[in-house]
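# Let me see the structure of the following:
(2 chains)
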2 protein chains.
Amino acid sequence: MKIVVDAMGGDNAPLEIVAGAADALALDKDVKVVLVGRESEIRSALGEREYDNKILEIIDACDVISNDESPTMAIKTKRESSLVKSFEKLMQDDECGGFVSAGSTGAVLVGAFMKVGRIKGVSRPALAPVLPTLEGNGVVLCDCGANVDSKPVNLLHYAIMASTYAKAMLGVENPRVGLLNNGVEAHKGNELSRQAYDLLSANDDINFVGNCESRDLLTGNFDVVVSDGFDGNIALKMAEGTASLMLKLIKRGVYSGGLKSKIGALMLKPVFKEVQKTLDYNAQGGACFLGVKKVVVKAHGASSRGAISASILQAKGLALKNICETIADGIVKSNAMSQQNAASSEE
Amino acid sequence: MKIVVDAMGGDNAPLEIVAGAADALALDKDVKVVLVGRESEIRSALGEREYDNKILEIIDACDVISNDESPTMAIKTKRESSLVKSFEKLMQDDECGGFVSAGSTGAVLVGAFMKVGRIKGVSRPALAPVLPTLEGNGVVLCDCGANVDSKPVNLLHYAIMASTYAKAMLGVENPRVGLLNNGVEAHKGNELSRQAYDLLSANDDINFVGNCESRDLLTGNFDVVVSDGFDGNIALKMAEGTASLMLKLIKRGVYSGGLKSKIGALMLKPVFKEVQKTLDYNAQGGACFLGVKKVVVKAHGASSRGAISASILQAKGLALKNICETIADGIVKSNAMSQQNAASSEE
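Next comes the predicted model:
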C-alpha cells in the first residue's frame, strides 16, 4: 500500500516530513511512501538514508502552495506544486491508497475536492479530527471547518461518514452519535439543529443518542459528534484556547509561588507531561477529510516527525479497511431510504 | 438603590440566596434588597438576623418556576411565582434599579423580555457573561445563548450593548470588539459573520478590531466578543468542558502517580486554587441580560452566597451607572445612522 506525502506542506517541511516518512517505513514493512516536493531538498533531508525506489518514490515538484494563498486559485494555477502533483499521483497510481499533508488546510480540502472528487451521493465532504476524551478512545468531531452554513442533510451525511470512520479508527462497534447543540432537550437549538435532530432520529443506520452540549463533548459519552463546520471549528479551537490558558495560568502561579510551588511543579512534571500528551490530539495522526474518493489525512501544520509517521500509518490503515467504499455504501443506502420515504409520504 | 432578588431560584435556594443578600447588605451600606419568595422559608433562612424593612423587604410568593418547565408558559401562568412577582416589583417600584436570579435561565430571559420589556430600538436583548482572560480584566461574550439564528443587525446591537457594558463592568475606555469567527481574515466565516463583519466595520461608535477565533477568546486581546447565541453558547460550554477535563486528568495522574506526585500536588495546592478561582467566572457575579429596560443579572444556577452577593453589588453598580439609558442612547444613534446611510444610498 502506497501513501502519497506532501513533503513541502507544514511549518517543519521538508525536514520533519521526510523524517516522519522514514520513521513510517521503519515501523511498518507493508507501507510504501511517495514523497512529493523539491527533489534536492528531499534528498538532502534524507541524508545518509537510502531506500529502494520500490519502497520510497520521490516525485519532483518545484512549487509550493502557502497558507496565505487563495486555495482555489492556487490549486487551479500552481500545476507544479507539491500538492497538485501529489493529488495527480494519488489518482493515477492504483497502488496509492491515501494521502497525507501538513500544508494549508484550505488548499488540501479544495485540492481533494477538485482532484480526488466527491464520493457519489455525498452532499458535502467534511473534516473530522479525533479529540481526546476523559473515558474511552476519543471522539470524532465532524465537521470542524470544511463547510459553513450546512443543511440538515449534510449533518446526516456527516453522521454516516463519521460513524464509519469511528468504527475504523476507534474500534467501536456501534458508535454513539451526538448532535452538537446548545441544550440537551430534543428540539433545542437553532433551525439547523432542530431539523437535523429529526433527520438523525429517523435514520436506523446510525446510533443517534441525542443532543450534545459542548461541555460534554470530551467526557467520553459520545463516539461521534456532528455539527456545522463553523460550530465545530469554534468548539475545537475553544478547547485549544482553554487548555492553553490553563497551562499558562498554572505556569504563572508556579513562577510567582516561591520555592515550594517550584518543587511541587517539578515533582508533578510527569503528570503534566502525561496530561499534555493526552490533550495533544495531533500526535496520534491527522484529521480525515471524509467523503472524497481516496483517504486524505490533514496533519496539523506544526506536525513533528512523530505526527507525520502516525498520519501515514493512519492513512494506510484506513485505506486497507476500505473506508471510502464503506462510506459510499452507507450514503447510497441512506439516500435510497430518504427517496423512499419522500415517495411514500407523497402517496 | 434597591435590588430585587429571586430568593427561590437556583440549586442552593433559598439558603445561599438569602445569605448572599445578607452579605451584600453588610458589604455595602447603600444597597437595599427585596427578597421575593416563600416568606416563611426566607425568614427561617435569615435566622437570627434582623433588618429594618427599609433595608430588607420581603415579598411573599408561594410558587416557584423550575428548570423543567416551558419558560413562556410558566411566566404566563404562574402569577404567584417568585420570578413573576420579582419582575412586577422591579417595574412598579421606581427605587428598584436591578434584579438578580439564579433560577432557570430560560424563564429569567423570557420573563425579563415580557415583564421588563425591550429598550426601544434594540432588535434582540442578549445574555453577556464576563469570561476570565490571561491578561487584563476579562472579556464580555455576547450573546451566549439568548438568541439563535441571529441576523447581522442583531450582532451590531450586541456590539453596542456589550461595549457599554464592558466600559461599566471592566472599566475599559474604548473596548476592543471582536467577531467570533472560524478564521481571522476579513470575510472568513459563514453568511452571518461575513455580513456582520461589514456592519461592524462601518460603525464608528464601536472599536471593532476584527475577527476572533475561539482559541483567542481568552487571551485578553479582546474586551468584547460578539456572536450568535448558539455559537457563543458552544464556546462558553466548551471552555467549561475543557477546563473540567484538564482538572480531572491532572487529578487522575496524581492519584496513579505514587507518593511523589501526591506530595507535589499538595505543594501546588495554592496554585491550583488560584487557577480555579480565576477560571470560575461565576464567582465575580452573573451574566447581564443586555437590552431590557432595567438591569437583569442571571447568576449561575449553582451560585453560592458569595456569587449572589457579588451579583447584587454588580446589579447595583450597573444601575447607578445608568447602563440601560446609555445602551438606549447608543442604539438610537446607531439606528439613526443606518437609516441615514440607507437613505443616502437610495438617492
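# which residue sits closest to the most centrally placed residue in chain A, ignoring its sequence neighbours?
By CA atoms, centre = their mean, chain A has its centre lying nearest to A:Ala287, at 1.0 Å. In space, not counting the residues next to it along the chain, A:Ala287 is nearest to A:Pro129; the distance is 3.8 Å by CB to CB, 6 or more residues apart in numbering or on different chains. No exception for glycine: its C-beta is placed from N, CA and C like everyone else's.
# burial of the one you found, as a residue count?
22 (other CB atoms under 10 Å in any protein chain shown).
# contacting residues for it?
A:140-141, A:144, A:236, A:281, A:286-287 (CB atoms under 8 Å, 6 or more residues apart in numbering or on different chains).
# Please apply the same query to A:Asn341.
Counting by CB under 8 Å, 6+ apart, A:Asn341 touches A:Ala202.
# Just give me the closest of the contacts of A:Pro129 to A:Asp93.
Of all those, A:Gly286 has the smallest distance to A:Asp93: 21.1 Å, by CB to CB.
# Now do the phi/psi pair for the closest one.
phi -120, psi -180 (degrees, to the nearest 10).
# Show me what secondary structure element comes after the helix or strand hosting A:Lys262.
Per DSSP states H and E: A:Lys262 is located in helix A:258-267. Next along the chain after helix A:258-267, taking DSSP H and E as the criterion, comes helix A:269-279.
# Return the angle between stretch directions for that following helix and helix A:258-267.
Angle, helix A:269-279 to helix A:258-267, by axes from the mean of the first three to the mean of the last three CA atoms, to 10 degrees: 60 degrees.
# Can you name every helix or strand that helix A:269-279 contacts?
In this structure, helix A:269-279 packs against helix B:229-256, helix B:258-267, with contacts taken as 3 or more CB pairs under 8 Å, 6 or more residues apart in numbering or on different chains; DSSP states H and E.
# Could you tell me the least trusted of those?
Here the lowest mean pLDDT among the helices and strands packed on helix A:269-279 goes to helix B:258-267, at a mean of 92.
# since we're on A:Lys293, how many residues are nearby?
A:Lys293, neighbours per other CB under 10 Å, totals 20.
# tell me the contacts of it?
By CB under 8 Å, 6+ apart, the contact list for A:Lys293 reads A:116-119, A:324.
# Filter those residues down to the buried ones and hand me the PyMOL line.
Remark: buried members of the contacts of A:Lys293, expressed as a PyMOL selection using 16 or more other CB atoms under 10 Å in any protein chain shown:
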select buried, chain A and resi 116+119+324
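# with the contacts of A:Lys293 in mind, which one is nearest to B:Ser193?
A:Arg118 (25.6 Å).
# Save the contacts of A:Lys293 as TSV, and put in pLDDT and distance to chain B too.
Below are the contacts of A:Lys293 laid out as TSV (pLDDT from 0 to 100; distance: CB to the nearest CB, whole Å):
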residue	pLDDT	distance to chain B
A:Val116	97	23
A:Gly117	97	25
A:Arg118	97	21
A:Ile119	97	24
A:Cys324	97	26
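# Now go through the contacts of A:Lys293 and say which are in helices.
Under the assignment DSSP state H, the contacts of A:Lys293 contribute A:Cys324 to helices.
# which of the contacts of A:Lys293 lies closest to A:Thr219?
Taking those together and measuring to A:Thr219 by CB to CB, the closest member is A:Cys324, at 30.4 Å.
# Now for the closest one: which residues touch it?
Contacts of A:Cys324 by CB under 8 Å, 6+ apart are A:119, A:292-295.
# Relative to chain B, which of those is nearest.
The closest of the contacts of A:Cys324 to chain B turns out to be A:Val292 (CB to the nearest CB; 20.7 Å).
# Dihedrals phi and psi, that closest one?
Residue torsions, per degrees, to the nearest 10, at A:Val292 are phi -100, psi 170.
# Now do it: how many residues are near it, please.
There are 23 residues near A:Val292, going by other CB under 10 Å.
# my guess is it contacts A:Met114, does it?
No: the pair A:Val292 / A:Met114 is not scored as a contact, 9.9 Å apart, by CB atoms under 8 Å.
# What helix or strand is A:Arg43 located in?
Judged by DSSP H and E, A:Arg43 forms part of helix A:39-46.
# just how off-centre is that helix within its chain?
Centre-to-centre, helix A:39-46 and its host chain are 27 Å apart (CA atoms, centre = their mean, to the nearest Å).
# And stretch A:65-83, by the same measure?
Relative to its chain's centre, stretch A:65-83 lies at 20 Å (CA atoms, centre = their mean).
# Apart from its chain neighbours, what residue comes closest to A:Met246?
A:Met246 sits nearest to B:Met246 (CB to CB, 6+ apart), 5.4 Å away.
# Check A:Gly285 too.
With sequence-adjacent residues excluded and distances taken as CB to CB, 6+ apart, A:Gly285 is closest to A:Gln314, at 3.8 Å.
# Let me know the pLDDT of that neighbour.
At A:Gln314, pLDDT is 97.
# In contact with it, which residues?
Counting by CB under 8 Å, 6+ apart, A:Gln314 makes contact with A:169, A:284-286, A:288, A:297.
# hang on, it in a helix?
Yes: under DSSP: H, G, I helix; E, B strand; the rest coil, A:Gln314 falls within a helix.
# what separates it from B:Ala107, distance-wise?
Counting by CB to CB, to the nearest Å, the separation of A:Gln314 from B:Ala107 is 48 Å.
# repeat for A:Gly210
A:Gly210 is 23 Å from B:Ala107, by CB to CB.
# try A:Thr133
Per CB to CB, A:Thr133 is found 33 Å from B:Ala107.
# out of these two, which sits in the busier spot?
B:Ala107 (26 against 20).
# contacting residues for that one?
Counting by CB under 8 Å, 6+ apart, B:Ala107 has contacts B:65, B:69, B:71, B:74-75, B:83.
# ok, and what's touching the helix or strand that A:Ala24 is a member of?
Secondary structure assigned from DSSP H and E places A:Ala24 in helix A:15-27. Outside helix A:15-27, the residues that touch it by CB under 8 Å, 6+ apart are A:3, A:5-10, A:31-33, A:35, A:37, A:42, A:45-46, A:49, A:51, A:55-56, A:102, A:303-309, A:311-313.
# at 7 Å instead, please
Counting by CB atoms under 7 Å, 6 or more residues apart in numbering or on different chains, helix A:15-27 makes contact with A:5, A:7, A:10, A:31, A:33, A:35, A:42, A:45-46, A:49, A:51, A:55-56, A:102, A:303-306, A:308-309, A:312-313, all of which sit outside it.
# And stretch A:266-278, by the same measure?
A:132, A:283, B:246, B:249-250, B:253-254, B:257, B:260-261, B:263-265, B:268.
# Drop anything exposed from those residues.
Neighbour-count burial (16+ other CB under 10 Å) applied to these gives A:132, B:246, B:249-250, B:253-254, B:257, B:261, B:264-265, B:268.
# what about the nearest residue to A:Asn181 once chain neighbours are set aside, which helix or strand?
Nearest residue to A:Asn181, sequence neighbours excluded (CB to CB, 6+ apart): A:Asn211, at 3.9 Å. Using DSSP H and E, the element containing A:Asn211 is strand A:207-213.
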